[in-house]
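Participant: show me how the following folds:
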Amino acid sequence: MRAIARPRPLFRWTTASVLSTLLLVGCGATTNSSTDSSMSATALTDPITFQTTTMPVAYLGEAFSSTIAVLGGVGPYSYRVVAGSLPPGIRLSGTSLSGTPTTAGAYQFTVEASDANLSTRIKQYTLNVNDLPPLSLEPELPSGQVRGETRVPIRIKAARKVRATRLVWDLGKDVKVTRVQATDPGNAVIWSQDGQVVTVDLGFKTIPRSDTRVALLTVKPGQPATLSSTNFWFESRDGQGKLLSGKKRPVPEPLKPIPPATTPLPTDQSAPVPPNSGTPATGTSSATPATASPATGSPATGSPSTGSPATASPPSGAPSTTTPSTTTQPGATPLPATLPATPAPNPNSGGIVK
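Facilitator: Residues are numbered from 1 along each chain as shown. Take a look at the predicted model:
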């Protein structure tokens, strides 16, 4: 009987080949395991770091918003306030601090951040709530000279309840405005230019956020010019037309009339010469002229001596004259210091004293 030959196997497993395969599989498993362990250890040892280090200033009655961010660890993260207190009106939701503060002051609080591996890190913050500064409107001026068409933003700060504002700007010589547009398409804008002064009226559909741009002015100078905010004025009003704040344009003072020129009088003034008088006036005049009596051996009395003509006083209303001084002749009796009063003329006697 003839033996049947069996087919030879394509691959003969030997003890050496089996051992080699097991060693390779074992080495591969060991390598993958060490790699995963290394990655897991690295992820667990990465520290959590707060990327937000400070808080911006909040203003009383103004909407506030800020974000707290961290790096490192394994997400997702959770946040909570573990010490201190937030300002009244501000709350922490997720990574966001938001709200409208109602009380001014400096508030310190501590935030704790936790990751998916329950690793934690804390950070202390100080949030200052200040009184709202005065409402202001001002241009953002370009640096250097303006040589071609340039857009100048208009920024508002501490908007409060503003619903309308008017700005007046003296741009200087040869500077023209070619376009004015509101940054919010829903806001109304009307503008005009008279000479070098531009006037812009803005109406706000909603109260603009503080420290935001509300308009853009496109200017075109005729020659290189430097813009200035010195001659920039504005006024802002609420929905009822009440004035909230503003910077008034100064009103030029009216010209004062020039007083007429006066001719100074001479220092040595002379008394005016009465009309129809042939006697010139001297420096000293007397209301009643003194009349000297003729020199006699006895002093002069109130009545003239017999045979001597009486001296008549000038009639009332006649211009006064000044009697020149009399020089006493040698041997004559000097006149007394005080002369007797001359009696007034009798109107019925024709001016002759009796």
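
Participant: bridge partners for residue 247, pull those for me.
Facilitator: In this entry, residue 247 is beta-bridged to residue 234, by DSSP bridges.

Participant: tell me which stretches of the chain form helices.
Facilitator: 15-45 (DSSP state H).

Participant: got any ranges where it has weak pLDDT?
Facilitator: When residues are selected by pLDDT under 70, those of the chain lie in 1-45, 255, 261-354.

Participant: domains in it, by residue range?
Facilitator: 49-130, 136-243 (automatic domain parsing).

Participant: can you lay out these as JSON lines showing mean neighbour count?
Facilitator: To be clear about C-beta, it is placed using only N, CA and C from the backbone, and glycine gets the same treatment. Output for these, formatted as JSON lines (neighbours: other CB atoms under 10 Å):
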{"stretch": "domain 49-130", "mean neighbour count": "15"}
{"stretch": "domain 136-243", "mean neighbour count": "16"}
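
Participant: distance to residue 252 added to these, as TSV?
Facilitator: Putting the domains of the chain into TSV (distance: least, CB to CB, whole Å) gives the following:
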stretch	distance to residue 252
domain 49-130	37
domain 136-243	13
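
Participant: out of those domains, flag the one nearest residue 259.
Facilitator: Nearest of the domains of the chain to residue 259, taken as CB to CB: domain 136-243 at 33.1 Å.

Participant: what about the strands in the stretch 1-150 of the chain?
Facilitator: 49-50, 58-59, 64-67, 70-71, 78-84, 90-93, 96-99, 105-114, 120-130, 136-139, 150-157 (DSSP state E, counting those that start in this stretch).

Participant: just checking, what packs against the fifth one?
Facilitator: Read it as strand 78-84. Here strand 78-84 touches strand 90-93, strand 105-114, strand 120-130, going by 3 or more CB pairs under 8 Å, 6 or more residues apart in numbering; DSSP states H and E.

Participant: got a markdown table for those, with distance to residue 137 too?
Facilitator: Below are the helices and strands packed on strand 78-84 laid out as a markdown table (distance: least, CB to CB, whole Å):
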| stretch | distance to residue 137 |
| --- | --- |
| strand 90-93 | 28 |
| strand 105-114 | 29 |
| strand 120-130 | 20 |
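
Participant: out of these, nearest to residue 48?
Facilitator: Between residue 48 and those, the shortest gap by CB to CB is with strand 120-130, which sits at 3.9 Å.

Participant: so which elements touch the closest one?
Facilitator: strand 49-50, strand 58-59, strand 78-84, strand 105-114.

Participant: quick one, which of the strands of the stretch 1-150 of the chain gets closest to residue 210.
Facilitator: Closest to residue 210 of these, according to CB to CB: strand 150-157, at 5.8 Å.

Participant: can you list the residues that contact the closest one?
Facilitator: Residues from elsewhere that reach strand 150-157 (CB atoms under 8 Å, 6 or more residues apart in numbering): 133, 135-142, 162, 165, 167, 183, 200, 208, 210-220, 227.

Participant: separation between the closest residue in space to residue 173 that isn't next to it in sequence and residue 99?
Facilitator: Once flanking residues are discounted, residue 173 sits nearest to residue 196: 6.0 Å by CB to CB, 6 or more residues apart in numbering. Noted for residue 196: a distance of 46 Å to residue 99, by CB to CB, to the nearest Å.

Participant: what's the answer for residue 162, then?
Facilitator: 21 Å.

Participant: with residue 242 instead?
Facilitator: 27 Å.

Participant: just residue 220 next, same as before
Facilitator: 44 Å.

Participant: cool, and residue 223?
Facilitator: Residue 223 is 51 Å from residue 99, by CB to CB.

Participant: one more: residue 236?
Facilitator: 25 Å.

Participant: one step back: which of the helices and strands packed on strand 120-130 sits closest to residue 93?
Facilitator: Comparing the helices and strands packed on strand 120-130 by CB to CB, strand 78-84 comes nearest, at 9.0 Å.

Participant: so what's residue 112 bridging to?
Facilitator: Bridge pairing for residue 112 - DSSP bridges - gives residue 80, residue 122.

Participant: pretty sure it contacts residue 119?
Facilitator: No. Here residue 112 does not reach residue 119: they are 11.0 Å apart, not a contact under CB atoms under 8 Å.

Participant: between these two, what contacts are shared?
Facilitator: Counting by CB under 8 Å, 6+ apart, nothing touches both residue 112 and residue 119.

Participant: need the residues that contact stretch 61-68.
Facilitator: 50, 52, 55-56, 58, 79, 90, 92, 95-102, 111, 113, 132, 158, 160, 209-210.

Participant: let's see that with 7 Å instead.
Facilitator: Defining contact as CB atoms under 7 Å, 6 or more residues apart in numbering, one finds that stretch 61-68 is touched by 52, 55-56, 58, 79, 90, 95-101, 111, 132, 210.

Participant: what's the closest non-adjacent residue to residue 229?
Facilitator: Computed as CB to CB, 6+ apart, the closest residue to residue 229 that is not its neighbour in sequence is residue 139, at 5.6 Å.

Participant: need the contact list for that neighbour.
Facilitator: 152, 154, 229, 232.

Participant: bridging residues for the first one?
Facilitator: Applying DSSP bridges to residue 152 gives these bridge partners: residue 217.

Participant: roughly how far apart are it and residue 70?
Facilitator: From residue 152 to residue 70 the distance is 40 Å (CB to CB).

Participant: and residue 90, by the same measure?
Facilitator: Counting by CB to CB - residue 90 and residue 70 are separated by 20 Å.

Participant: for residue 220, same thing?
Facilitator: Separation of residue 220 from residue 70 (CB to CB): 49 Å.

Participant: before we move on, back to that, looking at the strands of the stretch 1-150 of the chain, which is closest to residue 247?
Facilitator: Of all the strands of the stretch 1-150 of the chain, strand 136-139 comes closest under CB to CB, at 8.1 Å.
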